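Trainee: Sequence first, predicted coordinates after that:
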Amino acid sequence: MKIEILAFGIAREICGGRLIEMDVREGIDTDGLRLLLTEAFPSLSGLAQLSIAVNGEYVIGAVVLNPGDEIAIIPPVSGG
Amino acid sequence: MKIEILAFGIAREICGGRLIEMDVREGIDTDGLRLLLTEAFPSLSGLAQLSIAVNGEYVIGAVVLNPGDEIAIIPPVSGG
Amino acid sequence: MTRDIQIHDTPLDLTRCVNTVSDAGSGGIQVFIGNVRNMTGGKSVVRLEYEAYDRMALREMEKIAVDAGEKWEITGVVIHHRTGVLETGDTAVIIAVGAAHRHAAIEACRYIIDTLKTTVPIWKKEVFEDGEVWVSAYP
Amino acid sequence: MTRDIQIHDTPLDLTRCVNTVSDAGSGGIQVFIGNVRNMTGGKSVVRLEYEAYDRMALREMEKIAVDAGEKWEITGVVIHHRTGVLETGDTAVIIAVGAAHRHAAIEACRYIIDTLKTTVPIWKKEVFEDGEVWVSAYP
């Protein structure tokens, strides 16, 4: 299935844009996605942290991705 | 010697004015003054606290009063 | 360290207080604003009357500001206290503290308001519909 | 409890933030203002670029405000965060908390800024004369 991933901050710069499109197998979970992303963009591995959010919520552990989910990769935040 | 005592807040109301004049013996200290004041204005004894300031500084312990000192009685503060 | 300590009987100016500590090195500014509440102990407050021993109060506030500057790495302190008759919602005190790092500003601001309330010779009388009370006067 | 949570790319308005939490029951208002410093680690900052995952950032800020309201007796919370290009002295964030009693406002305000900095998806890039750095990106 095709998914779109939002990338912000330094992750956006590493991935070359705010929106990444990937073709992934059905039933993939967030851990699987993380592997694919770090293979495609090895520099992501160097970050202090890389969280994944699905539908606007941080994922704790791993969750299976469904078509239409809003997926985002969240490098270390630095607001304020 | 004659001294003037500034009174504020509830102490001002108890003593009937911002400025109290008293005739005291030479060499009197702040503890002596406190006794004279509570004899003259017994309601002062009921306050949660009554500090004395000389020349704009809180007196800790007792100090001898000199002519020309700026003396003030300080009921419990409640600024802010 | 910038210090601006004032007591006056006209309305306090928040923007001015904050601008005074907003120099280019201050990443964090902590502000405390003390307003007149409409209720105390379940009773409606009509107005508050603030009175200060001005000369000594300014000196005590200066001491607090200096102490705060010794305890924490801060770049500026503003303490403005109002006196006279205040109504519900009026601002009685503004404290603003600037620092390069926020925790210094936060801790210092807290220290300043807590200490001000215990040492600075300023008094307030709460006036209710049916009487009046000098705050904290009695045990 | 009053809540006003915003992200926008125009200058923040301190007076408006404070007024929102200044209802008649709020005796203490605590405000944190985060400004752009001129120096970081000894280097001159030219500008900062803030970027937010708006939808999620607003939701995370709402959560923080709600949590603060459960932990402390507060009457109102304002969190306004700015995005886009900011220069030295510009305000990036304003947090204002109102409470009947000051310690609740002070503690809640501190909790909100500390938590915001660790959970809310907002990022800043510091731009220096000779390069740029995404803050906290690398270990």
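Mentor: Ah, there it is. Numbering: from 1, shown residues only, chains lettered A, B, ... in the order given.

Trainee: For the rest of this, base every contact and every neighbour count on C-alpha atoms.
Mentor: OK.

Trainee: Please determine how far the spatially most central residue of chain C is located from C:D13.
Mentor: The centre of chain C sits closest to C:V93, judged by CA atoms, centre = their mean, with a distance of 3.4 Å. Taking CA to CA, to the nearest Å as the measure, C:V93 falls 10 Å from C:D13.

Trainee: what sits up against the helix or strand harbouring A:M22?
Mentor: Element membership for A:M22 (DSSP states H and E) is strand A:19-23. Applying CA atoms under 8 Å, 6 or more residues apart in numbering or on different chains, the contact partners of strand A:19-23 are A:M1, A:K2, A:I3, A:E4, A:I5, A:L6, A:A7.

Trainee: pLDDT, distance to chain D and neighbour count for these - can I get that in a markdown table?
Mentor: Shown next, in a markdown table, are these (pLDDT from 0 to 100; distance: CA to the nearest CA, whole Å; neighbours: other CA atoms under 10 Å in any protein chain shown):
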| residue | pLDDT | distance to chain D | neighbour count |
| --- | --- | --- | --- |
| A:M1 | 93 | 24 | 11 |
| A:K2 | 95 | 22 | 11 |
| A:I3 | 96 | 18 | 17 |
| A:E4 | 96 | 15 | 17 |
| A:I5 | 98 | 12 | 20 |
| A:L6 | 98 | 9 | 20 |
| A:A7 | 98 | 9 | 23 |
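
Trainee: what inclination does the next helix or strand after the strand holding A:M22 have with respect to strand A:19-23?
Mentor: Later in the chain than strand A:19-23, the nearest helix or strand by DSSP H and E is helix A:30-40. Interaxial angle, helix A:30-40 versus strand A:19-23 (axes from the mean of the first three to the mean of the last three CA atoms, to 10 degrees): 110 degrees.

Trainee: Can I get helix A:30-40 in CSV, CA atoms only?
Mentor: The C-alpha coordinates for helix A:30-40 follow below in CSV (Å, rounded to 0.1, in the frame of the first residue of the first chain):
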residue,chain,number,x,y,z
THR,A,30,5.7,1.5,12.9
ASP,A,31,8.8,-0.4,13.8
GLY,A,32,8.8,-1.8,10.2
LEU,A,33,8.4,1.7,8.8
ARG,A,34,11.2,3.0,10.9
LEU,A,35,13.5,0.4,9.4
LEU,A,36,12.5,1.3,5.9
LEU,A,37,13.0,5.0,6.6
THR,A,38,16.5,4.6,8.1
GLU,A,39,17.5,2.4,5.1
ALA,A,40,16.2,5.0,2.7
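
Trainee: Do any residues in the helix or strand following it lie close to chain D?
Mentor: As assigned by DSSP H and E, the chain's next helix or strand after helix A:30-40 is strand A:51-54. No: judged by CA under 8 Å from any CA of the partner chain, strand A:51-54 and chain D are separated, with a smallest distance of 8.7 Å.

Trainee: packing partners for strand A:51-54?
Mentor: strand A:71-74 (3 or more CA pairs under 8 Å, 6 or more residues apart in numbering or on different chains; DSSP states H and E).

Trainee: For chain C, what's the nearest residue on chain A?
Mentor: As assessed by CA to the nearest CA, chain C sits closest to A:G80 within chain A, at 9.4 Å.

Trainee: hang on, that residue in a helix?
Mentor: No: counting by DSSP: H, G, I helix; E, B strand; the rest coil, A:G80 is located in no helix; its state is coil.

Trainee: Wait, it touches D:L116, no?
Mentor: Yes: applying CA atoms under 8 Å as the test, A:G80 and D:L116 come out as touching, 7.1 Å apart.

Trainee: And the two? Which one has more around it.
Mentor: Using other CA atoms under 10 Å in any protein chain shown as the criterion, A:G80 and D:L116 rank with A:G80 on top: 28 against 22.

Trainee: tell me the contacts of the more buried one?
Mentor: Going by CA under 8 Å, 6+ apart, A:G80 touches D:G34, D:H81, D:A92, D:V93, D:I113, D:L116, D:K117.

Trainee: Including distance to chain A and pLDDT, could those residues go into TSV?
Mentor: Converted to TSV, these look like this (distance: CA to the nearest CA, whole Å; pLDDT from 0 to 100):
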residue	distance to chain A	pLDDT
D:G34	6	97
D:H81	7	98
D:A92	6	97
D:V93	6	98
D:I113	7	98
D:L116	7	98
D:K117	5	97
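
Trainee: all helices for chain C, in order.
Mentor: For chain C, the helices defined by DSSP state H occupy C:14-21, C:54-71, C:102-119.

Trainee: near chain B at all, the second one?
Mentor: Same thing as helix C:54-71. Yes: using CA under 8 Å from any CA, helix C:54-71 comes into contact with chain B via C:R55, C:M56, C:R59.

Trainee: Distance from that helix to the middle of the chain?
Mentor: Using CA atoms, centre = their mean, to the nearest Å, the mean C-alpha position of helix C:54-71 is found 12 Å from that of the whole chain.

Trainee: That helix to helix C:102-119, inter-axis angle?
Mentor: Angle, helix C:54-71 to helix C:102-119, by the same axes, to 10 degrees: 150 degrees.

Trainee: which residues does C:L48 bridge with?
Mentor: C:L48 has these beta-bridge partners by DSSP bridges: C:L86, C:E126.

Trainee: Give me the neighbour count for it.
Mentor: Considering only other CA under 10 Å, C:L48 is surrounded by 25 other residues.
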